[in-house]
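# Sequence and predicted structure are below.
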Amino acid sequence: MQTGKCSIAIDGPAGAGKSSVARILAERLGFLHIDTGALYRVLTLQVMREGVKPTEAVDVVRVAKAAKIQIVPGPQGIKVLLDGEDVSDAIREPAVSENVSLVAQHAEVRDYLLVLQRQLAADGGTVMDGRDIGTVVLPDAELKIFLTASAEERARRRMKELRTQGHKVTYKDVLLSIRARDNLDAERLVAPLRAAADAIPIDTTGKDVDAVVEEILGYLSAVGGLEGCSMDS
Ligand code: CDP
């Protein structure tokens, strides 16, 4: 079997549904799903464990270089390993969410993770989700999608997720945290959260994940499906 070279980039703010949409889309296409937020989150977890200040770029890069970060695709989504330990749940803790955008603002950190992200996508056949995939990481992706939803809907979704995981959070706190992260991500100087000029915007407010996946598959057919992506011959 020949590996496809086609890449799909999905960007958007916190809670817009990127990861769920990307995971199901990848499943439907037989592609690899790469959740780039998980990379920033696992690094943030290690920064917190080592007591390093997320605002200190040099220290954060030192932690990044010393940590062994692995992303392992599986049937329930990706598994994230930090020095061999499964930290897939730990990286979703609210404390990590509070710090991750501070870690992600440094040019040196982003450069380091950029190399890793491009290596992960090198064989193609990838659905990659994040904030700067269409603009910086995979500017030549065959299809680029920018997912949005109102901040209120995104906060409601995230609150439900966190409560399912056993966290006692209020709607107001989740909304504030999402807004703070949106601001940091959109205002940072390097690779800010932004739709690529050639990205297709999809507002997911009031739509479930399957509906969004179907919409993207529709766009994929409109651009000629997977032809020209050197898929299985
Ligand atoms: O899942 P959620 O929308 O909460 O966020 P995420 O995709 O896990 O990303 C967590 C954070 O990592 C974001 O708020 C960004 O600060 C950073 N990030 C980034 O800067 N660039 C990416 N390509 C992916 C994530």
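In hand now; what should we look at?
# Point to the residue nearest the middle of this structure.
Gly130 (3.2 Å; CA atoms, centre = their mean).
# Would you mind measuring from that residue to Gln105?
14 Å (CB to CB, to the nearest Å). No exception for glycine: its C-beta is placed from N, CA and C like everyone else's.
# Between the two ends of stretch 78-92, what distance do you get?
By CA to CA, to the nearest Å, the extent of stretch 78-92 from end to end equals 13 Å.
# Please read the previous query as pertaining to stretch 13-33.
So stretch 13-33: terminal residues 18 Å apart, CA to CA.
# and Ala67, how many residues sit next to it?
16 (other CB atoms under 10 Å).
# Correct me if wrong: it contacts Gly84.
No. Look at Ala67 against Gly84 with CB atoms under 8 Å: they stay out of range, at 10.9 Å.
# Check which helices and strands the lengthiest helix in the chain sits against.
Ranked by residue count under DSSP state H, the longest helix found in the chain is helix 171-187. Secondary-structure packing of helix 171-187 (3 or more CB pairs under 8 Å, 6 or more residues apart in numbering; DSSP states H and E): helix 94-103, helix 151-164.
# mind listing what's buried in the shortest one?
Right, the one you point to is helix 94-103. Under the neighbour-count criterion of 16 or more other CB atoms under 10 Å, helix 94-103 has 96-97, 99-103 buried.
# you'd agree Leu147 is in a helix?
No. Judged by DSSP: H, G, I helix; E, B strand; the rest coil, Leu147 forms no part of a helix; its state is strand.
# and it, what is it in contact with?
10-12, 16-18, 21, 202, 204, 212 (CB atoms under 8 Å, 6 or more residues apart in numbering).
# same question, Glu152
By CB under 8 Å, 6+ apart, the neighbours of Glu152 are Leu175.
# if I look at it, how far off is Glu50?
36 Å.
# circling back: nearest residue to the residue nearest to the centre of the chain in space, please, no chain neighbours.
Thr36 (3.6 Å; CB to CB, 6 or more residues apart in numbering).
# Do I have it right that that neighbour meets Asp129?
Yes. Contact status for Thr36 versus Asp129: in contact at 6.6 Å, counting by CB under 8 Å.
# so who does His33 touch?
22-23, 25-27, 73, 77-78, 126-129.
# from the residues you listed, which would you call buried?
22-23, 25-26, 77-78, 126-129.
# what about the closest residue to Glu215 other than its chain neighbours, helix or strand, and which?
Counting by CB to CB, 6+ apart, Glu215 lies nearest to Ile202, which is 6.0 Å off, once chain neighbours are set aside. Assigned by DSSP states H and E, Ile202 belongs to strand 200-203.
# Show me what that strand pairs with in its sheet, parallel or antiparallel.
Strand 200-203 pairs in its sheet with strand 143-148 (parallel), by DSSP bridges.
# now the strand it pairs with against helix 151-164, angle please.
Per axes from the mean of the first three to the mean of the last three CA atoms, to 10 degrees, the angle that strand 143-148 makes with helix 151-164 is 90 degrees.
# quick check: mean pLDDT across strand 143-148?
Throughout strand 143-148, pLDDT has a mean value of 97.
# Equivalent analysis for stretch 110-124, please.
91.
# for that stretch, the distance to its chain's centre please.
13 Å (CA atoms, centre = their mean, to the nearest Å).
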